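Visitor: sequence first, predicted coordinates after that:
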Amino acid sequence: MYGSSYPESVIEALTTQAASIRTNLIQHTSAGNVHGFEGVLTTGWCCPGTCTHVWNYEQALASLFPSLEPKMRGIEFLHNTFDNGFQTHRSVLPIGDYWFNGPAAADGQMGSIVRAYREWKLSGDKEWLSRLWPKIKKALEFAWYGPGTVSEERYKFQESQTVWDPDKRGILTGRQHNTYDINFYGPSSMTTSVYLAALKAGAEMAEVMGETDKAREYRVVYESGVKLTEEMLWNGDYFIQIIGDDPEQDEHTEYQPAGADDSAIPKYQYGNGCLSDQLLGQYLAFISGLGYILDEEKTNKAIKAVYDHNFIRPLRDFANVQRVYGLNDEGGVVLCTWPKGNRPLLPFVYSDEIWTGVEFQVATSLINAGFVEEGLEIVAAVQDRYDGFKRNPFEHNESGVHYAWAMASWSLLLALSGVHYDGTTHHLSFAPKMNNDDFSTFWSTAQAWGELVIKDDRAILTVTYGELMLNKLTINHFGEVTFRGIKTLRAGDQWTQRRQ
């Protein structure tokens, strides 16, 4: 890793956050289950249960310990997802005949579907997918039907759940609990983008499971959602939220300032704001190999808008009355700004905060959208804050240290190298975003890891550990090689390709 071509700030972000895997953040039990907390405290942990909407962001465990990450998906779908599709957004430890009592999280539940797709594609393990598929399908269609009638008393907490997409239009309108620890009311590009990625992934998984009618159904809803999202939530510069009504008009209701708007709206929304997570689903789609889920031009413009409006440097004159993770001459990406005005009187509480997991998500999305320098600038700002003098570079803080979503830093390697392995077709591809004539990177699949070195007119792929099964190898500027059958490279083996 330290011999890779990446800037020092990127290498530090990759290695320091991957080290969190070796802390008490992750528990591998004697029963073989894997659980994660959100953060680590001095004498314990913060926020148990492999919270789906937090672990959405991290990519290190899936890449470095691909036998462990699927165990988390197993718990999420085989234990935490009920027959009606309701998925608890936290698990219990140890696993037993009881469940976390809380709402389904729209971003977490839909993200779990995309991550199940990621695990299947990386491993190529169709048998594993077939075990989870019935519950994956239920979890996806929960968006259409909600919990229904809940007969057992101990599951009554599900009854408060509203239906997210009652008309199967591909856009979430019902009350959406999410990673900001609040509910969104009305269509939100953040949660809907994850839903669209889940629909696209679900269609492909349905095809493999032999359910062509189901795949067609998912695609129809997906295409409708794309159309509606671009029509309703695109403001010309970025994607927004249309604030809907709180059907219960409960404690979530507040009023706009006098003279601005006489109508009541729910608290803690972002409306016309530029949300750093506005295309969270696109981040997951890039990493999982799903490609663009919305119009490419609009998507790229929205991603760049986050850099333009939300990357504040210096922070000295930026007002934040919540938790302070950056200050004075430091720079950072705040969660939301309102460049077109109309900031709600009471936006979501964390809106002015800086979370490194979100910063790495934004940086990765920028790189994947072609804004490499902008993405690297954000990474440098993060590492400047966690430079070992002002803050511990190994202990990114949010709610506890070693905070899980800071492991989103690993997505930087995936974006900068353009590495993607499809275990279902044994296709390994690289599309480096920098130093095309002098480039080296670490890579990993579910069965092997090694190094790619590009020097002038040669690209050398080395397997350091495991067995790499290849049917096709694609390296940008070096063309594509299709092997007869499956070529297996073992530890110590190399493959050399000449520039075309």
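Guide: Great, that's in hand.
Visitor: for residue 219, grab the count of nearby residues.
Guide: Residue 219 has 17 neighbours, counted by other C-beta atoms under 10 Å. (Each C-beta comes from the backbone N, C-alpha and C, glycine too.)
Visitor: buried set for the helix or strand that contains it?
Guide: Residue 219 is part of helix 212-232 when elements are defined by DSSP states H and E. Neighbour-count burial for helix 212-232, counted by 16 or more other C-beta atoms under 10 Å, picks out 214-215, 217-219, 221-222, 224-226, 228-229, 232.
Visitor: got TSV for these, with distance to residue 318 and pLDDT too?
Guide: Formatted as TSV, the buried residues of helix 212-232 follow (distance: C-beta to C-beta, whole Å; pLDDT from 0 to 100):
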residue	distance to residue 318	pLDDT
214	48	98
215	47	99
217	46	99
218	42	99
219	43	99
221	40	99
222	38	99
224	39	99
225	35	99
226	35	99
228	34	98
229	30	99
232	30	98
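Visitor: quick one: the helices in the stretch 351-500 of the chain?
Guide: For the stretch 351-500 of the chain, the helices defined by DSSP state H, counting those that start in this stretch cover 356-368, 372-385, 410-417.
Visitor: okay, those helices in CSV with mean pLDDT next?
Guide: Shown next, in CSV, are these (pLDDT from 0 to 100):
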stretch, mean pLDDT
helix 356-368, 99
helix 372-385, 99
helix 410-417, 98
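Visitor: between those, which gets nearest to residue 400?
Guide: helix 356-368 (12.7 Å; C-beta to C-beta).
Visitor: hmm, back to that, and which of the buried residues of helix 212-232 is nearest residue 170?
Guide: Proximity of the buried residues of helix 212-232 to residue 170 (C-beta to C-beta) peaks at residue 225, which lies at 2.1 Å.
Visitor: what sits against the nearest residue to that closest one once chain neighbours are set aside?
Guide: Counting by C-beta to C-beta, 6 or more residues apart in numbering, residue 170 is the residue found nearest to residue 225 once chain neighbours are left out, at 2.1 Å. Applying C-beta atoms under 8 Å, 6 or more residues apart in numbering, one finds that residue 170 lies in contact with 192, 195-196, 199, 221-229.
Visitor: so where's the stretch 251-400 of the chain uncertain?
Guide: Within the stretch 251-400 of the chain, the segments meeting pLDDT under 70 span 251-264.
Visitor: which other residues reach stretch 284-298?
Guide: For stretch 284-298, the surrounding residues in contact (C-beta under 8 Å, 6+ apart) are 56, 59, 111, 114-115, 117-118, 121, 193-194, 196-197, 200-201, 226, 229-230, 234, 239, 279, 281-282, 299, 364-365, 368, 411, 414-415, 420, 422.
Visitor: redo that, cut-off 6 Å
Guide: By C-beta atoms under 6 Å, 6 or more residues apart in numbering, the surrounding residues in contact with stretch 284-298 are 114, 117-118, 196-197, 200, 226, 230, 234, 281-282, 299, 368, 411, 414, 420.
Visitor: for that stretch, how far is the first residue from the last?
Guide: End-to-end distance for stretch 284-298: 17 Å, by C-alpha to C-alpha, to the nearest Å.
Visitor: now swap in stretch 163-178 and tell me
Guide: Start-to-end span of stretch 163-178 (C-alpha to C-alpha) is 15 Å.
Visitor: distance of residue 312 from residue 238?
Guide: Residue 312 sits 16 Å away from residue 238, going by C-beta to C-beta, to the nearest Å.
Visitor: who has more neighbours out of the two?
Guide: Using other C-beta under 10 Å as the criterion, residue 312 and residue 238 rank with residue 238 on top: 26 against 20.
Visitor: separation between the more buried one and residue 153?
Guide: Relative to residue 153, residue 238 is positioned 45 Å away (C-beta to C-beta).
Visitor: same deal with residue 337?
Guide: Residue 337 sits 45 Å away from residue 153, going by C-beta to C-beta.
Visitor: between these two, who's got more neighbours?
Guide: The residue with more neighbours, out of residue 337 and residue 153, is residue 337; 23 against 6, by other C-beta under 10 Å.
Visitor: what sits against that one?
Guide: Going by C-beta under 6 Å, 6+ apart, residue 337 touches 274, 309-310.
Visitor: what's the burial count for residue 107?
Guide: Residues lying near residue 107 (other C-beta under 10 Å) number 30.
Visitor: which helix or strand contains it?
Guide: helix 106-123.
Visitor: mind checking the SS state of the spatially most central residue of the chain?
Guide: For the chain, the residue nearest the mean C-alpha position is residue 57 (3.8 Å; C-alpha atoms, centre = their mean). Classification of residue 57 using DSSP: H, G, I helix; E, B strand; the rest coil returns coil.
Visitor: still on that earlier bit, what's the helix holding residue 219 packed up against?
Guide: Here helix 212-232 touches helix 189-208, going by 3 or more C-beta pairs under 6 Å, 6 or more residues apart in numbering; DSSP states H and E.
Visitor: for the helix it packs on, buried residues please.
Guide: 189-206.
Visitor: tell me the buried residues in the longest strand that the chain contains?
Guide: Longest strand in the chain, counting residues (DSSP state E): strand 458-475. Buried residues in strand 458-475, counting neighbours by 16+ other C-beta under 10 Å, are found at 459, 461-463, 466, 468-471, 473-475.
Visitor: show me what it is packed up against.
Guide: On a contact count with 3+ C-beta pairs under 6 Å, 6+ apart, strand 458-475 meets strand 427-430, strand 448-455, strand 479-490, strand 494-498.
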